[in-house]
Each structure stands twice: as C-alpha cells, then as structure tokens.
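J.: Below is the sequence, then the predicted model.
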Amino acid sequence: MSDLQNTDQPPRPGVVVTGASGRMGQMLVRLVLDHPDLRLVGALDQPGQPWIGQDIGTAMGGAPAGVIVSDDAVTAIAQAQAVIDFTTPDATVGFAELTAQARAVHVIGTTGLGPDHLAALEAAARHAPIIRAGNMSLGVNLLVGLTRKVAAALGEGWDIEVVESHHRHKVDAPSGTALMLGEAAAEGRGTTLDDVRTPAREGITGARPPGTIGFAAIRGGDVVGEHDVIFAAEGERIVLRHLATDRAIFARGAIRAALWGQDKGPGSYDMHDVLGL
Ligand SMILES: NC(=O)C1=CN([C@@H]2O[C@H](COP(=O)(O)OP(=O)(O)OC[C@H]3O[C@@H](n4cnc5c(N)ncnc54)[C@H](O)[C@@H]3O)[C@@H](O)[C@H]2O)C=CC1
Ligand SMILES: O=C(O)C1=N[C@H](C(=O)O)C[C@H](O)C1
C-alpha cells in the first residue's frame, strides 16, 4: 500500500531488519511485513550470506516482499526511520554508527556485548535514540521487577542463583536475560552485579561465599529460552521462572520499541521505558 493514498495519515515508519536470514531476523521480517503501521524498507545480512541479492519474502519461502536482501548497510540504513537489530556485538556497533547518522531509532536485541561495545553504543545514543534489552518480552521485563523486589525483601541468608537454558546454536553465556535478572537481584540487595557475580564453577570451588550471585547455562536442542531465578535458604526455596516457547514474543517487543521510539530524542532507553514498567 502506498503512503500517499491517504494524506490524513502520518507516513508509516520505514524499518530495516538486520541479520534478516537469522532466527530473529526472519521472525521480525514477517511481523514487520504484516504490521499495519510499519513498512519494511531494508533487509540486511553479512557479505557472503547466500540470501544476498534475493527477495527476502522469496528467500523465506513465501511471496515476494519487494525488498532485496543486501549487505550494503550504508544505503539501506540511510532510508530507515527504525533499525531492528539482532545480530552480533561487532555488527551492532557498526549499525549503531550508521543509524545515529540517519537519526533513526536503533532497537538492539543483540546480546554478548562487552564494555567496548557498550561504550560505542553510548556514543551513538548521543545522536539518536537507542533502545536495548537482553530480552524484549513483556514477561521477562516483568520478571526483572519481581526479582528486584524479592531480592530486596530477603536477607543474605538467601542464596541467589540464575539458571538459563537455550538452543544449541546460542554463542554467548550467560544469556543477556540471565544478566538482566542477576543485575536486578544485585540492585535489590543494594549492590552491583560486578561486585557479587560468581564466575562459572568447576573443580574444587570451595563453599559458596555469602551474598554472591551465581549463573549456570544449559545448551541443547531447540530451547527458545528458559530462565529461573532461585532464592535458596535453609529449609525453603523460591523459584521465579520465565519460559519462552515462541520467538515472536521478542520480535513483538522490538516492534513496539521501534514505534515507541519514533518521537523520542537521543539517548539510551530500555524495555522498561517502552513498556512503562
Ligand atoms: N533481546 C532479545 O529479546 C533477544 C536477543 N537475541 C539475541 O539476538 C542475537 C541473534 O540471535 P539469533 O537470531 O538467534 O541468531 P542467528 O545466528 O540466527 O542470526 C544472526 C544473524 O545476523 C547475521 N549477521 C552476522 N553478522 C552480520 C553483519 N556483520 N551484518 C549483517 N548481518 C550479520 C547473521 O548472518 C545471521 O543472519 C543474539 O545475540 C541473541 O542472543 C535473540 C532472541 C531474543
Ligand atoms: O539467543 C537467544 O536465542 C536468546 N537470547 C536472549 C538472551 O541472551 O537472553 C533472549 C532469549 O533468551 C533468546
């Protein structure tokens, strides 16, 4: 449908999806194409990816979408009002610079970012809005608030562990979600995760130091994403759990963020801002 058909309606924001052939990329392309208030204006992937040069709809096994998969990020992002990006940390930093130059909204789901990546994103957010979260689902963002509250209510006699399970293809650990939950638990205790995080355990580790927060990662099969925050004391345990069974929950959150960001100024935002939590 043309944007010129009804002049009373504001133009629909144009979205570029990066990593378009990926698990999240394909989900996002489908949802953007079906969205009444958005237009897909670009589908990016890395040089050499076999879908480059093909129509994204056809490459995904459906009807043509009229958008060719490209590795030319400069040209694609220049036309965007929003870039939705679930790729790799290095790729995300590159896209952040281009998205800031285009003064478009950058929605970032990529996890595994290190301090240098985060510093680069902070620099880009001085020019345009960046909305980033290790998990874009409503359920996990609610669980973050619950985790903070439970941790604040319980004393250090309660040990905190975060256990996560993901599919066999996941490359980073702990997951971005596990880190969000660990940070919330640390905040609830009035500290920071950096100060209380226990590295992965193996061998003769010694007894668990009080006040620490531990992480365990399971990888296998097609698990979409499962997270438990365990509060364990003498004689009882509380387990807060989120189970993702469909990647659409992340994609819907990212699309909501892209729309929410359209009238926002430069800065760093997260899904708590978007969801008003
Ligand atoms: N925040 C959230 O809610 C969620 C975050 N994720 C994160 O999103 C990221 C991607 O996850 P998946 O889709 O499962 O991975 P995937 O491996 O299926 O897809 C990644 C895509 O990025 C592309 N890519 C890599 N380098 C690129 C570059 N330089 N330029 C353009 N494209 C490039 C790959 O070719 C691939 O198509 C991971 O970091 C994952 O942890 C995943 C699900 C939800
Ligand atoms: O890689 C994934 O798949 C997921 N990554 C995110 C994370 O690292 O927490 C979100 C979700 O759990 C799926």
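T.: Thanks, I have the structure now. Ligands and ions are numbered 1, 2, ... in the order given.
J.: Nearest residue to whatever residue of the chain ends up closest to ligand 1 in space, please, no chain neighbours.
T.: At 2.1 Å from ligand 1, residue 22 is the closest residue in the chain, using CB to the nearest ligand atom. C-beta coordinates here come from the backbone N, C-alpha and C atoms, glycine included. Excluding its sequence neighbours, the residue lying closest to residue 22 (CB to CB, 6 or more residues apart in numbering) is residue 86, at 6.5 Å.
J.: same thing with residue 88?
T.: Residue 88 sits nearest to residue 110 (CB to CB, 6+ apart), 6.4 Å away.
J.: contacting residues for the closest residue to residue 30 other than its chain neighbours?
T.: Leaving out its chain neighbours, the residue that sits closest to residue 30 by CB to CB, 6+ apart is residue 60, at 7.4 Å. Residues in contact with residue 60 (CB atoms under 8 Å, 6 or more residues apart in numbering) are 26, 29, 30.
J.: what separates the second one from residue 206, distance-wise?
T.: So that's residue 29. Here the criterion is CB to CB, to the nearest Å. By it, residue 29 lies 49 Å from residue 206.
J.: out of those two, which sits in the busier spot?
T.: Neighbour count, other CB atoms under 10 Å: between residue 29 and residue 206, residue 29 has more, with 27 against 7.
J.: and the stretch 151-277 of the chain, which residues reach ligand 2?
T.: When proximity is defined by CB under 6 Å from any ligand atom, the stretch 151-277 of the chain lies next to ligand 2 at 166, 170, 175, 176, 177, 225.
J.: which among those residues are in contact with ligand 1?
T.: Counting by CB under 6 Å from any ligand atom, residue 176 from these sit close to ligand 1.
J.: and which of the residues of the stretch 151-277 of the chain next to ligand 2 is nearest residue 102?
T.: Nearest to residue 102 among these is residue 176, at 25.1 Å by CB to CB.
J.: returning to that earlier point: would you confirm that the residue nearest to residue 88 contacts residue 83?
T.: No: between residue 110 and residue 83 there is no contact, the gap being 11.6 Å when judged by CB atoms under 8 Å.
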